[in-house]
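Q: okay, structure incoming, though there's no sequence with it:
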């Protein structure tokens, strides 16, 4: 069963925008933090930003002011609105969800969606 699905990636020119979506299955239980990470070829996966159940957000320095994270808790969905994209934003973007199912704490990753920014 697919538990986490990202979508919205694609090819965009520098300066453009994209919006990524992350939909979590209800089988994951009560969703707490929803986070975005990215990984470029040959690089380590890095934190992009996160949003908790109270909609408090955190961003990495590299995207603050250009990216906005939001969520619709009723739909178990998080969004990553990316603006003023740069070629260095090119990466595979992953959603990570922390949830509680019964008494178990889960941390679940999606398969990722590719974002390519051309110069």
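A: Looks like it came in fine. Model, not experiment: these values are computed from the prediction.
Q: quick check: bridge partners of the most centrally placed residue in the chain?
A: Per C-alpha atoms, centre = their mean, the C-alpha nearest to the average position across the chain is that of residue 36, at 2.9 Å. With DSSP bridges as the criterion, the beta-bridge partners of residue 36 are residue 49, residue 95.
Q: OK, contacts around it?
A: By C-beta atoms under 8 Å, 6 or more residues apart in numbering, the contact set of residue 36 is 20, 22, 48, 49, 50, 69, 78, 80, 93, 94, 95, 96. For the C-beta atoms, the positions are set from N, CA and C on the backbone; glycine is no exception.
Q: now the strands for the chain?
A: 4-7, 10-13, 18-24, 30-39, 46-51, 57-59, 67-72, 77-82, 91-101, 104-109, 113-118 (DSSP state E).
Q: in a markdown table: those, plus mean pLDDT.
A: Converted to a markdown table, the strands of the chain look like this (pLDDT from 0 to 100):
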| stretch | mean pLDDT |
| --- | --- |
| strand 4-7 | 94 |
| strand 10-13 | 98 |
| strand 18-24 | 97 |
| strand 30-39 | 96 |
| strand 46-51 | 98 |
| strand 57-59 | 98 |
| strand 67-72 | 97 |
| strand 77-82 | 98 |
| strand 91-101 | 96 |
| strand 104-109 | 95 |
| strand 113-118 | 98 |
